[in-house]
Structure formats: C-alpha cells, structure tokens
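A.B. asks: Sequence and predicted structure below; questions after.
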Amino acid sequence: MAIEIKDVEHLARLARIAVSDSEKEVFRHDLEEILAYVSEIKDVAAELGQPAVGELYNVLRADEDPHEGGAFSEDLLAAAPKREGNRVFVKKIL
Amino acid sequence: MDIKNLTIKQAHDLLITKKMSVLELAEAVLKEAEGSRDLNAYLEIFDDVRAQAEVAQKIIDGGKATLLTGIPLAMKDNILIKGKIASASSKMLEHYRATYDATVTKKLRDAGAIFIGRTNMDEFAMGGSTENSAFGVTKNPHDKTRVPGGSSGGSAAVMAAGAALGALGSDTGGSIRQPAAFCGVVGLKPTYGSVSRSGLMAMASSLDQIGPFSKTVEDAKIIFDVIKGHDPMDSTAYPDTLAQVENKKPKIIGVPVDFVRAKGVDSRVLESFEKSLEQLKSAGYEVRDISLPSLAHGLSVYYILMPAEVSSNLARLDGVRYGYHADGVNLLEDYERSRGEGFGREVRRRILLGTYVLSSGYYDAYYGRANAVREMLKQDLAKAFEGVDIIATPTTPTPAFKIGEKSSDPLQMYLADIFTVPVNIAGVPAISVPSGFALEDGVKLPLGIQFIAPHFGEEALFTVGQDFERVRGF
C-alpha cells in the first residue's frame, strides 16, 4: 500500500490537524509501514458483515432528576479558551 | 515499617487496630513519592492529602471503615477527580481541570480512599513506554535507563517504588498489564463493561477499561470489588445481573503454544514462562496445549479498530470549548493549529491512521474486515474456553526495553502489545502477575505471566493468581 505525501496532506486536512512539511515524510513512511502490516487481515477468511449485536443494545439512560439550569455553566465556561458572556466564542464562519 | 512491601490488606489491619494512623501511613507514602521524584512517575502530588487523611481517620474512628479507608492510591492522569487537573499527559489538556468525578473516583472516595497524586502516562494513553508523555518519560524503578511500560507507566512505577499502596490505570491494548509486568507488580484488566468508563477520557471506546495496579493479587481484588458495578452513566456498563457467573475453581490452564512461541519472543521470557507452567502444575493445575490461530491477527485488528475510534473520539478536542487553543486566521485554521500543536506526534499519527481506515473507499477493506476478524477471534476464544478454564501467556514478549530504543519505530513499539491486545478485542478479563526476572547487564528485570478468563471470570483470575503467588518461589 503506497502512501504519498499528498495522501498525508489530505488526511491531515480531513482530521483538521496542521502537519509541518518536515513531518509529512515521517507520517508517510509510518502510515505505509503500519498499513502494510495490518493489511494481512485482508487474507483472513472471515465472514464480512455486520458485527453480531451484543447483549447490550439501545441502552438509553432515563432522563430523571434533571439538575437546575446553569448549575455547571460557570465551571464549563471557565474552561473555554474564549467566551463572551455565557457563550463560548468562536470566529464567524459565514 | 516496610512501606515498600506493605499491602493494602496489611495497612488496613494496622489502621483498624490503631497501630498506625491514616496520617502516618499517608506521610510514609508521601515520603517515598518525594524520594522517587527522579522517576517522573507522579505528574502532581496533591496538596490536600493530609486533609483527605483526616476525613478517612474520622471514618475509621467512627467504626465505618472499608478495606480501602485511609489507603493512599495513585490515579492515572486520564481519570477525572473533580477540581484537579487531568491532562492525559498532553499539552492539549495541560491546564484542564475536571468539572466532575469519574464514577471510579466517586466509588473510591466513598470507600474512604486517599488520592496521593496523578501519574504520568503516554499522551491520551497511546503508547507502551510513557515516552509519548508531553511531560517527559517515566523511568523504570528497577533500571532507570529503561521504560516502565505504558501507557499507564506512571501508575506501575509508583507501585514499584512504594509511592502508593494501589493505583488505577486504563487498559486499551495492554496499558495496565504490560507496565505491571515491566515494573514487577500486579495489573488487572477487568471484563469490558464491568467497571464504568464514565469520567475516563475516551481513547478507543470499544476497548478501554479501567483497572487496578497492586502489589498482590488479593489487593487487586480489593480495589476491583470497590470500582466494579453497573453505572447508568456508561451505556456499555453491564447490568449486575448479567455480570453474575458461576464461580467454580479453575483447574485447567490452556496454553496457545504456536502463539506464545512466535517470532520475536525473548528466550528468557519463554524460559520463565515454562518454569511458571511447571509451578502451576505443582499447585495442582492441569496445563494443556491449545490451538488459537486467530490470536495472531489480534494486533492487525487492534491497529485498525483502535486508531479508527481514536480519530473519532479525539475530534472533540478542537480548541473551542476547553483545552489548548492556537489562533489562526479563521475557524478552520484555529482547529488545525490547535490540534496540530496541542497533540504530540503519536496521537497525530493514530488520528491520521484512523482517518485513513475510515475513509470512503477503504472502510470495508480495513474497518469492516477488522470487525469481522474481531468476531472470529471472540468466537474462537469462547470455543477455547469450553475446554479450559484459564488461558496463560507471557504478558510481554520481552522485558522492559531501553528508553529511546523503540521510540522512533512505531511498528516495533506496537509489536510489544502482541500478547495483550487480543484480550481487549474479545472484551475478556486478564491479569498480569510477576513471574520472575530476566538478568540483563547485572540488573534483574521483572517479567509477568498473563492469565485470561472468560467474560466476568475475574474470580477465577484471582484464584489462579493467588495460587501462583504461593508457588512462584520469590
């Protein structure tokens, strides 16, 4: 499985990760080597399809005893790099 | 008092008979923690240990002590303790303070345990050596030129140094058992779903599990019994009714011989393993060769599913709501710079790998097939457990390696997980118990034996583990 520098750039863009030029070759080499190793499973005769459903499925927690609105707002907003009042602030995208 | 060899059970007896106060115990442990700072095993030693000790002492004085009341424990840096920093050893979360307690934290707190500090790890639990920590490598207490293993290397190292009586780690592909083996302590990876993951930073959600480090198998059971149990906050936590299995004494140990004798396994590891099997026979166990060819695919399955889940789970770290933020010219550049600068190289490598195996055109060939092989491995293991009660392997293919030896070769580092990853893929429990030493440059490097049981078979692991401790001869 040949991986090219442009593949690394494409993946980095999809993953929203800035990668420096000097690191692109490192990642290209590593991805190629790792993918070559894991590709052995293509030869395993396993039946493809949906994985079996386990004993736990459609687990939903009952929305009981809700806490009062705002009880955690200050703690959570305090962790935000930028805030404006009671909102997390981001650059405009439109 | 020999604090380095003091077990939880022994400390508990000293505390309830008032031969020792909680403060005396906590200070003795703090002294070891201070004295072993050069290991870089603790990222932070908490400043409220004495206040916690007072609370625990009151519980003991009031006659309401549990086995863990007043016992000093260490926490891996990816498990939340409200109000404390939880950085996952990443620049991304260097200043992040937990806004709530993990379920395991709450359970330990309710039991009266004391949190000594948070321990170093590979960034976001990705690695097998703690070399991927943004805050420097942890050194192995047995040989400071060697790694303690990982990703929970800090937790294993503080145990070996006597700087905690127990510790929690997380195990996604061996991150409790491998460092336990490298540092000569006990490490348990419980059944997937038996311990709540609420408040554990997600790495690969279908594989992650919290578990204890301890000096003895008995202590591992003491911690496990406190942290286990159903939790509505974790939708993959099994209801307690499902977790009940018939506890019969294990008698037959299966050894997947072809898998164990695979290429790259150190001869001293094999020698020690054979000796351990003889010792188990002397303890009354029947040892049987079994064939489990699908185990050999474990590593490939793991290095497809794990990065896929990593790339999805770590998408939440975007420099917007919490964590590291770097400013770009627009929001897209904010994301790219925050993630590019906040994550270390191994984390970025796995995110890129996960993005690749999940991308359109490759999804079926990698992720789809890996899931199919996962099912096959699970079924093969279940079939094997029809004939044997326990499966045994060495925990690791080699003893602890040198710092820097594998850090530039990710594939070599991944191969160190060969015996531990199939356990996470199948979701079954396994324990690593110290089994001997490999002599290298005049230093005794610890080795571990791994016992694997069927789902919810922790009691069988404790039984065989304790039997082994009695006969191993050190």
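C.D. replies: Sure, I can see it. Source: prediction; values computed, not measured.

A.B. asks: Output the below-cut-off pLDDT ranges for chain A.
C.D. replies: Along chain A, segments meeting pLDDT under 70 span A:1, A:46-53.

A.B. asks: Residue of it nearest chain B, please.
C.D. replies: Using C-beta to the nearest C-beta, the single residue of chain A nearest to chain B is A:A18, 3.1 Å away. Heads up, the C-betas are built off the backbone N, CA and C, glycines and all.

A.B. asks: Please list all residues in contact with that residue.
C.D. replies: Residues in contact with A:A18, defined by C-beta atoms under 8 Å, 6 or more residues apart in numbering or on different chains, are A:A12, B:E333, B:E336, B:R337, B:R339, B:G340, B:E341.

A.B. asks: Just put these in CSV and tack on distance to B:L280.
C.D. replies: Formatted as CSV, the contacts of A:A18 follow (distance: C-beta to C-beta, whole Å):
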residue, distance to B:L280
A:A12, 50
B:E333, 59
B:E336, 54
B:R337, 55
B:R339, 48
B:G340, 50
B:E341, 51
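
A.B. asks: Show the contacting residues for B:D389.
C.D. replies: B:D389 touches B:K248, B:P250, B:K251, B:I252, B:I253, B:A453, B:A460, counting by C-beta under 8 Å, 6+ apart.

A.B. asks: where's the nearest residue to the second one once chain neighbours are set aside relative to chain A, distance?
C.D. replies: When you say that, I think you mean B:P250. Closest residue to B:P250 apart from its sequence neighbours, by C-beta to C-beta, 6 or more residues apart in numbering or on different chains: B:D389 at 3.6 Å. Using C-beta to the nearest C-beta, to the nearest Å, B:D389 is found at 22 Å from chain A.

A.B. asks: Need phi/psi at B:L415.
C.D. replies: Note on B:L415: backbone dihedrals following degrees, to the nearest 10 are phi -60, psi -20.

A.B. asks: cool, and the one 5 residues further on?
C.D. replies: Its backbone dihedrals place B:T420 at phi -100, psi -30, with angles given as degrees, to the nearest 10.

A.B. asks: what's the helix or strand for the residue lying closest to B:A180 once chain neighbours are set aside?
C.D. replies: Excluding the flanking residues, the one nearest B:A180 by C-beta to C-beta, 6+ apart is B:G187, at 2.7 Å. Per DSSP states H and E: B:G187 is located in strand B:186-189.

A.B. asks: swap in B:Q52?
C.D. replies: Taking DSSP H and E as the criterion, B:Q52 maps to helix B:49-61.

A.B. asks: ok, now B:A392?
C.D. replies: Here B:A392, judged by DSSP H and E, is contained in strand B:390-394.

A.B. asks: Grab the nearest non-local neighbour of B:A156.
C.D. replies: Spatially, and ignoring its direct neighbours in sequence, B:A156 is nearest to B:P179 (3.5 Å; C-beta to C-beta, 6+ apart).

A.B. asks: Look at that neighbour and say how many residues are nearby.
C.D. replies: Using other C-beta atoms under 10 Å in any protein chain shown, B:P179 is surrounded by 39 other residues.

A.B. asks: which residues touch it?
C.D. replies: Listed by C-beta under 8 Å, 6+ apart, the contact set of B:P179 reads B:130, B:148-153, B:155-157, B:169, B:187, B:213.

A.B. asks: For A:V26, give me its contacts.
C.D. replies: By C-beta under 8 Å, 6+ apart, the contact set of A:V26 is B:R345.

A.B. asks: So it: helix, strand or coil?
C.D. replies: Three-state assignment for A:V26 (DSSP: H, G, I helix; E, B strand; the rest coil): helix.

A.B. asks: one step back: would you list the contacts of B:P179 in TSV and tack on secondary structure and pLDDT?
C.D. replies: Shown next, in TSV, are the contacts of B:P179 (DSSP: H, G, I helix; E, B strand; the rest coil; pLDDT from 0 to 100):
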residue	secondary structure	pLDDT
B:T130	coil	98
B:P148	coil	98
B:G149	coil	97
B:G150	coil	95
B:S151	coil	97
B:S152	coil	98
B:G153	helix	98
B:S155	helix	98
B:A156	helix	98
B:A157	helix	98
B:G169	strand	98
B:G187	strand	98
B:F213	strand	98
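
A.B. asks: Dead centre of the chain: give me the residue that sits there.
C.D. replies: In the absence of a named chain, this looks at chain A. Centroid-nearest residue in chain A, with C-alpha atoms, centre = their mean: A:A15, separated by 7.3 Å.

A.B. asks: that's the other chain; I wanted chain B
C.D. replies: B:I176 (1.9 Å).

A.B. asks: surely that residue meets B:V185?
C.D. replies: No - applying C-beta atoms under 8 Å as the test, B:I176 and B:V185 come out as separate, 10.0 Å apart.

A.B. asks: Overlap in contacts, the two.
C.D. replies: B:F213.

A.B. asks: Quick check: residues of the stretch 101-250 of chain B near chain A?
C.D. replies: B:G193, B:P232, B:M233, B:S235, B:T236, B:Y238, B:L242 (C-beta under 8 Å from any C-beta of the partner chain).

A.B. asks: Only the buried subset of those, as a ChimeraX command please.
C.D. replies: Buried residues within these, by 16 or more other C-beta atoms under 10 Å in any protein chain shown, are selected in ChimeraX with:
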select /B:193,236,238
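
A.B. asks: show me where chain A has strands.
C.D. replies: Counting by DSSP state E, the segments of chain A that form strands are A:83-84, A:87-88.

A.B. asks: Can you lay out those as TSV showing mean neighbour count?
C.D. replies: Shown next, in TSV, are those (neighbours: other C-beta atoms under 10 Å in any protein chain shown):
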stretch	mean neighbour count
strand A:83-84	12
strand A:87-88	12
